[in-house]
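# Kindly generate the corresponding structure for this input.
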Amino acid sequence: MMLRRMSLSAYHHVANWISWFVFGAVGVALNAVCAVLLLFPHRERRGPAVRATIQRLFGAWCAWLHATRLIYVSWTGFTPDALEGAAVYVANHPGLLDATFVLARLPDAICIFKPAVMRNPALGPAALMGGYVSGNTGIDLVRAVADRIKDGRSLLIFPEGTRTVTGTVLNPLKPGFAVIAARAGVPVRLVVIRAPADLVPKWWPWWRPPNFPAQVEVELVGELAPAIGETATEFAARAEQRLRTEIIKR
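Here you go, the predicted structure:
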């Protein structure tokens with residue numbers, strides 16, 4: 001039994017390193033292609049195709065993690081009816097891989113990246129081609145994101161601003177998502193990610209393997225509409241309470 005556990009642990013270490021190599025290699029290849037596409041005019045016309053490619057690649061990434069017996073991801077509530085139309089998807093952020101798990105199921109979705117990421121030649125070209133938004137805070141960022149949502153895209157945002165602090169259920173939510181949704185005139189949909197505490201949380205080095213295999217649940221729990229006269233801060237607080245309740249439900 002001890003020998004079997006040691007062999008399994010060695011396998012998981014090797015598989016983890018290989019998986020990160022594959023992830024990085026595919027990402028570099030995608031960004032190399034997108035860097036060339038950026039040289040052509042009317043790049044915004046290729047945005048839907050790039051976003052669809054990113055979604056399929058993240059789906060393949062989840063399938064890879066399953067096949068290698070590292071992480072088993074399950075999705076609940078992501079039905080065609082629940083995903084119909086543009087929306088702002090708000091999710092908690094327990095680990096480094098959260099965006100890949102959620103974007104694998106969201107059609108025509110964008111994210112907000114920090115300016116430094118957009119300038120990175122190994123990450124920026126695909127984000128630019130996909131129509132992702134660069135910025136930190138401010139009305140210009142809100143306007144840019146809302147305009148893209150009005151064009152029919154959805155937004156995935158992690159309002160905690162960073163990964164959830166270890167030992168807590170949820171960091172306080174920043175209200176920017178509520179302002180964006182109100183300006184774009186779209187609903188807010190809540191996504192709960194339930195993952196092991198050691199699955200690359202805040203301050204955990206990406207290269208340090210967690211306990212494998214890991215089980216991750218991604219659940220679309222429904223929509224949340226602002227009440228009449230409710231401020232963005234009040235709406236964010238209500239969304240935070242709903243997420244907390246849903247996270248600890250199971």
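# so who does the residue nearest to the spatial centre of the chain touch?
Centroid-nearest residue in the chain, with C-alpha atoms, centre = their mean: residue 99, separated by 2.0 Å. Listed by C-beta atoms under 8 Å, 6 or more residues apart in numbering, the contact set of residue 99 reads 111, 156, 158. To be clear about C-beta, it is placed using only N, CA and C from the backbone, and glycine gets the same treatment.
# Which of these fall within strands?
Mapping the contacts of residue 99 onto strands (DSSP state E) picks out residue 156.
# which of the residues in the worst-scoring helix or strand of the chain on mean pLDDT are buried?
Ranked by mean pLDDT, DSSP states H and E, the weakest helix or strand in the chain is helix 115-118, scoring a mean of 74. Within helix 115-118, the residues scored as buried using 16 or more other C-beta atoms under 10 Å are residue 118.
# then it to CSV, C-alphas only?
Only the C-alpha atoms of helix 115-118 are listed here, as CSV (Å, rounded to 0.1, in the frame of the first residue of the first chain):
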residue,chain,number,x,y,z
PRO,A,115,-2.5,46.4,-18.4
ALA,A,116,0.7,44.5,-17.6
VAL,A,117,-0.9,41.3,-18.9
MET,A,118,-2.1,42.9,-22.1
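# Can you give the distance of that helix from its chain's centre?
16 Å (C-alpha atoms, centre = their mean, to the nearest Å).
# From the contact counts, what lies against the following helix or strand past that helix?
Where DSSP states H and E defines the elements, the next helix or strand beyond helix 115-118 is helix 124-129. Secondary-structure packing of helix 124-129 (3 or more C-beta pairs under 8 Å, 6 or more residues apart in numbering; DSSP states H and E): helix 2-37, helix 47-67, helix 115-118.
# so how many other residues sit close to the nearest residue to residue 246 once chain neighbours are set aside?
Counting by C-beta to C-beta, 6 or more residues apart in numbering, residue 246 lies nearest to residue 192, which is 4.6 Å off, once chain neighbours are set aside. When neighbours are counted by other C-beta atoms under 10 Å, residue 192 registers 25.
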